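Asks: Return atomic coordinates for the entry below.
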Amino acid sequence: MSNHPPSVPFLSVGFRPFFFFGILFSCIAGALWTLFWSPIEPLQWSTHWQPAGGMVFWHAHEMIMGFVFAIISGFLLTAVQNWTGLRTTTPFTLGLLIVTWLAARAAFLLSNQIDHWLLLTLQVTPIIALMIAIGTPIVLAKMWRNLFVIAALLLLTINEVRLLTDLENGVLNHKLLVAQIFIILLYISMIAGRVLPFFMANRLGIPKVQESRPLFTSCTLPLALLCLNLSFFNSELVSISLLFILAGSHSLRIRNWYTDKVWQEPMLYSLLLSYLSLPIGFLLMAMNESLQLGWANTPLHILTLGSMGGLIIAMVGRVSLGHTGRKIQAVLAIRLALVFIVAAFIFRVIVPIGFNWHPAYMALSGLSWTLAFASLFIYFAKIWIQPRPDGR
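Replies: Numbering: from 1, shown residues only. Got it, this is the predicted structure:
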């Protein structure tokens, strides 16, 4: 790959446009979600118009297949390029990828007004395009151990087709939505297992923590099996058993990573604390399913808002600074975003447990989420658009 400065910096590498539009979309989606739950009637914009499946279904789908998928896409396009030494995109093909993702977001918002087959095509196109973009260099470089990335994207595509087919038939398939979430969590588990010990070693000046093969397998294999079970078999006993195993294995993983020095670096302890949401969420979901505790979607939001929200803020900050030749540090925007994401977590997960549920809690959580990612966007937008300061 050339070291000459790119003619179009914004389209030079995958994280730039996908972080830009993914974070911007998160702000817009968060604002719409806030207005939907607003106790002030004039602000309830969706009272007389909603996407197919309703606003709650739109929120669940678009937070995963819109926002989180964009961030995962940006990370994978950049990481695979680094792993293989081969380009995943050109400025033109990266631009096309972004267009397919933007078209999918617009289509789902207008899903009540467009043909089912058009909606389905627009939704799966970005996933298939990403598979081709990252799969080609992986195969050419013969990095076979990274084919899990392609396998997970294939399962994501299959589930998306089934999910939207059910939607066309008037069925909101909650289990398939949960399966999509767990496929993303599988990516998080695999990627975190690679990069978090590396980040800690580099930043803290300590030896890189080595993860044993049994521990790595116990963190990832049950998660892959859970994705398959939720996608095709839907055995409650199997899901509960795997969730208990995952709660234990991911707790051991965090214990293996932990060092007192981590509290010296906000960029590191925010990653670790966000990752802690995984074993907590797995445990509470297993307890909720097995004991019928009636916690509704609270454990699921610990996994999504807690782990995905916090990890994305920290990882977007680190990748955006490090890959543009800037010093990796917890700038004010990152600190603000982390404060707001904690507030969103409190309003969505903690407050409803201690008090009677009220729509205002959802609105306050949505507002906090929006402010978190608006803080990131305002600071990093110019970094994603501008050339590297070192001219590379």
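
Asks: Which parts of the stretch 51-200 of the chain are helices?
Replies: Ranges of helices in the stretch 51-200 of the chain, per DSSP state H, counting those that start in this stretch, are 54-61, 69-84, 91-109, 116-140, 148-168, 174-204.

Asks: Identify all contacting residues around the second one.
Replies: So the one you mean is helix 69-84. Contacts with helix 69-84, where a contact means Cβ atoms under 8 Å, 6 or more residues apart in numbering, come from 1, 13-19, 21-23, 25, 87-89, 94, 97, 101, 126-127, 130, 133-134, 137-138, 140-141, 143, 146, 149, 184, 187, 191, 312, 315-316, 319, 323. In short, each C-beta sits where N, CA and C put it, glycine included.

Asks: check contacts around the closest residue to residue 58 other than its chain neighbours.
Replies: Counting by Cβ to Cβ, 6 or more residues apart in numbering, residue 51 is the residue found nearest to residue 58 once chain neighbours are left out, at 4.3 Å. By Cβ under 8 Å, 6+ apart, the residues touching residue 51 are 57, 58, 108, 109, 110, 111, 112.

Asks: what about the fifth one, neighbour count?
Replies: What that stands for is residue 110. Using other Cβ atoms under 10 Å, residue 110 has 12 other residues around it.

Asks: If you drop the residues flanking it in sequence, what lies closest to residue 250?
Replies: Among residues not flanking residue 250 along the chain, residue 279 sits closest, at 4.1 Å (Cβ to Cβ, 6+ apart).

Asks: what packs against the host helix or strand of the one you found?
Replies: Using DSSP states H and E, residue 279 falls within helix 266-291. Using 3 or more Cβ pairs under 8 Å, 6 or more residues apart in numbering; DSSP states H and E, the elements in contact with helix 266-291 are helix 174-204, helix 236-257, helix 298-301, helix 310-322, helix 332-345.

Asks: what about that helix, distance to the chain center?
Replies: Computed by Cα atoms, centre = their mean, to the nearest Å, the chain-centroid distance of helix 266-291 equals 15 Å.

Asks: Same check on stretch 291-310?
Replies: With Cα atoms, centre = their mean, you get 15 Å for stretch 291-310.

Asks: just stretch 302-311 next, same as before
Replies: Per Cα atoms, centre = their mean, the centroid offset for stretch 302-311 relative to its chain is 8 Å.

Asks: Equivalent analysis for stretch 253-267, please.
Replies: 22 Å.

Asks: what's the first-to-last distance across it?
Replies: End-to-end distance of stretch 253-267 (Cα to Cα, to the nearest Å): 19 Å.

Asks: Now do it: everything it contacts.
Replies: 193, 196-197, 199-200, 203-204, 206, 209, 211, 215, 219, 268-269, 272, 275-276, 279, 314, 317-318, 328-330, 334-335, 338.

Asks: contacting residues around stretch 302-309?
Replies: Stretch 302-309 is contacted from outside by 63-64, 68, 181, 184-185, 188, 274-275, 277-278, 280-282, 284-285, 341, 344-345, 348-349, 365, 369, 372, using Cβ under 8 Å, 6+ apart.

Asks: average model confidence for that stretch?
Replies: Mean pLDDT, stretch 302-309: 93.

Asks: again, but for stretch 159-170
Replies: If you average the pLDDT over stretch 159-170, you get 95.

Asks: what distance separates the lowest-mean-pLDDT helix or strand in the chain from the middle of the whole chain?
Replies: Every helix and strand in the chain was compared by mean pLDDT, DSSP states H and E; the lowest is helix 351-354, with a mean of 84. Put simply, helix 351-354 sits 25 Å off its chain's centre (Cα atoms, centre = their mean).

Asks: Stretch 110-124 now?
Replies: Going by Cα atoms, centre = their mean, the spacing between the C-alpha centre of stretch 110-124 and its chain's C-alpha centre is 23 Å.

Asks: Show me which positions of that stretch end up buried.
Replies: Neighbour-count burial for stretch 110-124, counted by 16 or more other Cβ atoms under 10 Å, picks out 111, 119, 120, 122, 123, 124.

Asks: Okay, the last one and residue 335: tell me how far apart.
Replies: From residue 124 across to residue 335, the span is 38 Å (Cβ to Cβ, to the nearest Å).

Asks: Which residues are in contact with residue 63?
Replies: Residue 63 makes contacts with 26, 29, 304, as judged by Cβ under 8 Å, 6+ apart.

Asks: So for it, what's the pLDDT?
Replies: Predicted confidence (pLDDT) for residue 63: 96.

Asks: Same check on residue 208?
Replies: Note on residue 208: pLDDT of 89.
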